[in-house]
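A.B. asks: kindly return the folded structure for what I paste below:
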Amino acid sequence: MSGSSIVGREGFQRLLAEISADRVGIVLDLEMSRLARSCKDWHTLLELCAIYRVLLADADGLYDPSNHNDRQLLGLKGTMSEAELHILKTRMHQGMWNKAERGEVLNHPPIGYIRSVKARDGAGDYVIDPDAQVQEVVGMVFIQFERLDSINGLLHWMVNQEIKVPVRPHFGSDRGELSWRRPNRVTLCNMLHHPIYAGAYRWGHREVDARKKIAGRPTTGRTLKSHEDCRVLIRDRFDTYIDWETFERIQAKLRKNSHLGKKLSAPRHGPSVLAGLVVCGCCGHRMLVSYANIRKDNPTGSLRYSCQREAIDYGGALCQSLSGESLEVFVTARLLQVVEPASLEVSLAAVEGIQRERERLQSHWKQRLTRLNYEAEVARKSYAAVDPENRLVAKELERRWEEALREQEQLNVEYDRFQASTPAKLSDDERRAIKSLSESLPW
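C.D. replies: Sure, this is the predicted structure:
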């Protein structure tokens, strides 16, 4: 282990403990730099050795830390060891920076990409995963985010449509093999923030801040930076899933969502249209919604917005309140006035958008069926090729074939259910219902 710090060096800590217990007479090493390359740790060792009269020895000679001349020589050796480590680190980091500026520092490929080897120079590179279903799912993530405008909406849509994320593990027995896992918020967030999907190479977006490091945890202290603040950003470096303009729109939307999340709450359940969106103009706090006199013939009842945060938190007076019905009538009228000129175009765009989404889902289901049919056929051929006398192997292959057939049957049932609930094309009644929305708006 590196001698730059005492953190994690259990052997060096044990050495200091044994010296402090007065159970050591001499410390032998190949060279002094092997003990410590930090002046702080080095002089701690020298101080303990001087107190308990412990000798130090390396290939150059024998030293007594309690002797003034030997102490000066040992201090000089420790300073040179730390300086040598600094020079080595600087050269290594500079070499890494130079390589990164050429876009050649590559680690694990992100979702939707695989590592390949260029024939001309043997250097590694990232290319789009050749699996068509992987390409379909990754492209669907960006398309649906632009339509839904939030990671939460995207996550719920993928869960409802039973769409899984393609992952190729970086370690383990199944390293590099394609597996399908349930989507989660962190994975989707990383995909949407990664500029590689727009063809860009980045490096230096997770630099270490020494002030945030925790002792005993080497992976702590990392700070995340946006693609604009990275040390290196090279456009048009890789094959793309989306263009750069689309990537910039997604980043702007993510920043806006993060900014709004600090000021506004999500709309709550209830008949109110503006719940969680109204802010008091006097104190800046979010106004609360209250309902009264709710009946069957009047489901909204008497709706009011009131600013009670000062009264709730500090026992102060009620700031202000207003009728929610008049406010929502005003806002709704302005909204309809804005969308009136483009109402027909919006309804036609909605028809086209729903049609494209259904076509993508149909393609995704067909790819899942094709993959599972292939796996079932491979299991059948493996079972047919085994020697019947080898009962142990034949029994295991038969179990795998039966399991593949069960999964195939289950997926066919789910696909039939999906087709029944979501047909491939919009019916004439659905098209008329969507287009009639432009005529039903109260102008």
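
A.B. asks: next one: phi and psi at V24?
C.D. replies: Per-residue torsions, V24: phi -130, psi 140 (degrees, to the nearest 10).

A.B. asks: next up, the contacts around it.
C.D. replies: Counting by C-beta atoms under 8 Å, 6 or more residues apart in numbering, V24 makes contact with 15, 18, 52, 54. In short, each C-beta sits where N, CA and C put it, glycine included.

A.B. asks: burial count for D22?
C.D. replies: For D22, the tally of surrounding residues (other C-beta atoms under 10 Å) stands at 11.

A.B. asks: show me the helices in the stretch 101-250 of the chain, by range?
C.D. replies: In the stretch 101-250 of the chain, the helices defined using DSSP state H, counting those that start in this stretch lie at 132-148, 151-160, 185-193, 244-263.

A.B. asks: which one of these is the most hemmed in?
C.D. replies: helix 132-148 (a mean of 18; mean count of other C-beta atoms under 10 Å).

A.B. asks: quick one: list the elements packing against it.
C.D. replies: With contacts defined as 3 or more C-beta pairs under 8 Å, 6 or more residues apart in numbering; DSSP states H and E, helix 132-148 has these neighbours: helix 151-160, strand 165-167, helix 185-193, helix 244-263, helix 343-385.

A.B. asks: out of these, flag the one nearest E82.
C.D. replies: E82 lies closest to helix 185-193 among the helices and strands packed on helix 132-148, at 37.6 Å (C-beta to C-beta).

A.B. asks: which outside residues touch the closest one?
C.D. replies: With C-beta under 8 Å, 6+ apart as the criterion, helix 185-193 contacts 110-112, 138, 141-142, 145, 151-152, 154-155, 158, 165, 197, 226-227, 250-251, 254.

A.B. asks: leaving out chain neighbours, which residue sits closest to N184?
C.D. replies: Of all residues not flanking N184 in the chain, L155 sits nearest, at 7.5 Å (C-beta to C-beta, 6 or more residues apart in numbering).

A.B. asks: list the contacts for the one you found?
C.D. replies: 183-185, 188 are the contacts of L155 under C-beta under 8 Å, 6+ apart.

A.B. asks: pLDDT value on the spatially most central residue of the chain, please?
C.D. replies: Centroid-nearest residue in the chain: N190, 3.0 Å away (criterion: C-alpha atoms, centre = their mean). As predicted, N190 sits at a pLDDT of 91.

A.B. asks: next: A384.
C.D. replies: A384 is given a pLDDT of 86.

A.B. asks: could we number from 765 for the rest of this?
C.D. replies: Sure, I'll start counting at 765 from here, so that last one is A1148.

A.B. asks: you'd agree L779 is in a helix?
C.D. replies: Yes. Counting by DSSP: H, G, I helix; E, B strand; the rest coil, one finds L779 located in a helix.

A.B. asks: gap between it and R787?
C.D. replies: 11 Å (C-beta to C-beta, to the nearest Å).

A.B. asks: ok, those two, which is more surrounded?
C.D. replies: L779 (18 against 10).

A.B. asks: next, the contact list for M765, please.
C.D. replies: Neighbours of M765 in contact, by C-beta under 8 Å, 6+ apart: 772-773.

A.B. asks: and it, what's its pLDDT?
C.D. replies: 72.

A.B. asks: and the one 10 residues further on, by the same measure?
C.D. replies: Listed pLDDT for G775 reads 89.

A.B. asks: do the one 3 residues further on as well
C.D. replies: Predicted confidence (pLDDT) for R778: 92.

A.B. asks: so what's the residue count around it?
C.D. replies: Neighbour tally, R778, other C-beta under 10 Å: 10.

A.B. asks: before we move on, what about R798?
C.D. replies: When counting by other C-beta under 10 Å, one arrives at 12 neighbours for R798.

A.B. asks: my read is that L1086 contacts L1067, right?
C.D. replies: No. Judged on C-beta atoms under 8 Å, L1086 makes no contact with L1067 at a distance of 10.1 Å.

A.B. asks: how about the host helix or strand of I783: buried residues?
C.D. replies: Using DSSP states H and E, the element containing I783 is helix 774-784. Buried residues in helix 774-784, counted by 16 or more other C-beta atoms under 10 Å: 776, 779-780, 783.

A.B. asks: so what does the helix or strand following it touch, helix or strand wise?
C.D. replies: Heading C-terminal from helix 774-784, the first helix or strand you meet, by DSSP H and E, is strand 790-792. Here strand 790-792 is seen to pack against strand 819-822 when contacts are counted using 3+ C-beta pairs under 8 Å, 6+ apart.

A.B. asks: avg pLDDT for the strand it packs on?
C.D. replies: 93.

A.B. asks: list the strands paired with that strand, with their directions.
C.D. replies: Next to strand 819-822 in the sheet, as set by DSSP bridges, lie strand 790-792 (parallel), strand 825-827 (antiparallel).

A.B. asks: wait, L1091 sits on V1042?
C.D. replies: Yes. Using C-beta under 8 Å, L1091 is in contact with V1042, at 7.4 Å.

A.B. asks: quick one: which of these two has more around it?
C.D. replies: V1042 (21 against 18).

A.B. asks: how near is the more buried one to S1090?
C.D. replies: 13 Å.

A.B. asks: for T843, same thing?
C.D. replies: T843 is 78 Å from S1090, by C-beta to C-beta.

A.B. asks: which of the two has more neighbours?
C.D. replies: Just comparing T843 and S1090: by other C-beta under 10 Å the higher neighbour count belongs to T843, 13 against 10.

A.B. asks: burial count for the nearest residue to the more buried one once chain neighbours are set aside?
C.D. replies: Nearest non-adjacent residue to T843, counting by C-beta to C-beta, 6+ apart: C803, 6.4 Å away. When neighbours are counted by other C-beta under 10 Å, C803 registers 14.

A.B. asks: flag the shaky bits of the stretch 1065-1207 of the chain, pLDDT-wise.
C.D. replies: 1065, 1102-1115, 1187-1190, 1195, 1198-1207 (pLDDT under 70).

A.B. asks: how is the protein divided into domains?
C.D. replies: 774-865, 877-1026, 1028-1089, 1107-1204 (automatic domain parsing).
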